[in-house]
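[1] give me a 3D structure for the following:
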Amino acid sequence: MTELPAPRFPRLLVTGGAGFIGSCFVRDRLARRDGTQIAVLDKLTYAGNLANLAAGEADPEQAARLRFVRGDIADAAIVAPLVAGADAVVNFAAESHVDRSILDPEAFLRTDVLGVHVLLEACRAEQERAARGERAAAPRFLQVSTDEVYGSVESGESHEEDRLEPRSPYSAAKAAGELLVHSCFVTYGLDAVVTRGSNTYGPYHHPEKLIPLFITNAIDDQQLPLYGDGLQRRDWLYVGDHAGAIGHVLEHGLAGEVYNIPGGNERANREVVVRLLELLGKPWSLVRRVEDRPGHDRRYAMDGARLAALGWQNEMPFEAGLAATVEWYLHNQAWWRAIKAGEWEDYYRRQYATRLAGSRDAG
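    Next up is the predicted model:
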């Protein structure tokens, strides 16, 4: 039997590890079977779901290396001992939906800014312990961010050195978190890196986002609320590629650097919806043109040369990834139907009831 190489970071703390991208990262890392111990810290808000970690918990070998802690990254008493036991911290924890940030911006500041500060302070405490010889090295910190910090990009592609111009409470909070990370690298020499991922899709995606919302609504022949003219352009990144790129940057990225993670699949929202309906065999008549959201960015696009130079390239073509995603939602209806109940109904009513009442044929 071939012996697996020792992991660079044998003990990981993954915050937000029960969420969409975080749980994919955890599942993929556990599946390596290289001995990595993973502690997941997640508050289990509406977007966190223990069912996302069920595969690891069902496997005895993986389950022995997985520990789940329910808690808030803004709670220093919970965070400190977890960071003390980690060789690296990967922070996926975030309030992440623009629509929700418009409805309730304060929650985004607590998690995406104060929570990042608490994590960084815990890493700094471990840095001081390392300086005293109480541990071998301070933990590496990786902050998972978003292409939305660049704001709307009319032409060309965003580069890591470009000015940040966030245009929603969500992206502003993520930008603030990034700046905290950078300040700790510059001021304290903290070993920290940042990734900025493009629009991510795939299995286990909470149905508030465009692709899973439209898939699940279409399965039930419900209306599909398309914002504005549907010509907003996004660069789509499969979740497995996103999680893999984050792991690659964790292991190979240079301290203090930011790495864009583009998908290389720029599409207008309307194009994506057309393909989803084709895959599901559903009519375009389900689509309703609704009032656009305030400050809706028209286009995102990022340059990925820095990440490519680090030796990473994505594997999943968009057409194959979209088809696999549709298949997953068709065969895992118990997962998303449990989510689209209770609190979901109140959110959906607040977000879309008035818009759908005044909607029109998408043409």
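[2] quick check: buried residues in the longest helix belonging to the chain?
    As assigned by DSSP state H, the longest helix anywhere in the chain is helix 169-188. Within helix 169-188, the residues scored as buried using 16 or more other C-beta atoms under 10 Å are 169-178, 180-182, 184-185. All C-beta atoms are positioned from the backbone trio N, CA, C, and that covers glycine.
[3] what sits up against the next helix or strand along the chain from it?
    Sequence-wise, the next helix or strand downstream of helix 169-188 (DSSP states H and E) is strand 192-197. Applying C-beta atoms under 8 Å, 6 or more residues apart in numbering, the external contacts of strand 192-197 come out as 21, 120, 123, 140-147, 149-150, 160, 178, 181-182, 184-185, 237, 242, 245-246, 249-250, 253-261, 302.
[4] contacts for stretch 127-141, please.
    Contact with stretch 127-141 is made by 9, 13, 83-84, 86-89, 91, 119-120, 123, 126, 181, 184, 188-193, 250, 255, as judged by C-beta under 8 Å, 6+ apart.
[5] what sits against the residue nearest to Gly304 when sequence neighbours are not counted?
    Sequence neighbours aside, Pro262 is the residue nearest to Gly304 in space, at 4.3 Å (criterion: C-beta to C-beta, 6 or more residues apart in numbering). Each residue near Pro262 by C-beta under 8 Å, 6+ apart is listed here: 147, 157, 198, 235, 237, 301-304, 307.
[6] next up, phi/psi of Ala74, please.
    Per-residue torsions, Ala74: phi -90, psi 0 (degrees, to the nearest 10).
[7] count of neighbours near it?
    20 (other C-beta atoms under 10 Å).
[8] ok, and the closest non-adjacent residue to it?
    Ranked by C-beta to C-beta, 6+ apart and with sequence neighbours excluded, the top spatial neighbour of Ala74 is Gly115, at 4.4 Å.
[9] any idea of the mean pLDDT for the helix or strand harbouring the one you found?
    Secondary structure from DSSP H and E places Gly115 in helix 115-131. What helix 115-131 shows for mean pLDDT is 98.
[10] ok, stretch 191-209 next?
    96.
[11] ok, now stretch 85-100?
    Regarding stretch 85-100, the rounded mean pLDDT is 82.
[12] stretch 169-182 too?
    What stretch 169-182 shows for mean pLDDT is 94.
[13] how about stretch 150-164?
    For stretch 150-164, mean pLDDT rounds to 95.
[14] out of the contacts of stretch 127-141, which end up buried?
    The neighbour-count test (16+ other C-beta under 10 Å) applied to these identifies 9, 13, 83-84, 86-89, 91, 119-120, 123, 126, 181, 184, 190-193, 250 as buried.
[15] out of the contacts of strand 192-197, list just those in strands.
    Secondary structure from DSSP state E places 140-146, 237, 258-261 of the contacts of strand 192-197 in strands.
[16] tell me the one of those residues nearest Ala58?
    Distance to Ala58 across these (C-beta to C-beta) is lowest for Val144, with 25.9 Å.
[17] so that closest one makes contact with Val116?
    No. Counting by C-beta atoms under 8 Å, Val116 is not a contact partner of Val144; they are 10.5 Å apart.
[18] overlap in contacts, the two.
    By C-beta under 8 Å, 6+ apart, Val144 and Val116 have these common neighbours: Asn91.
[19] coming back round to it: filter the contacts of Pro262 to the buried ones?
    Buried members of those, counted by 16+ other C-beta under 10 Å: 147, 157, 198, 235, 237, 301-302, 304, 307.
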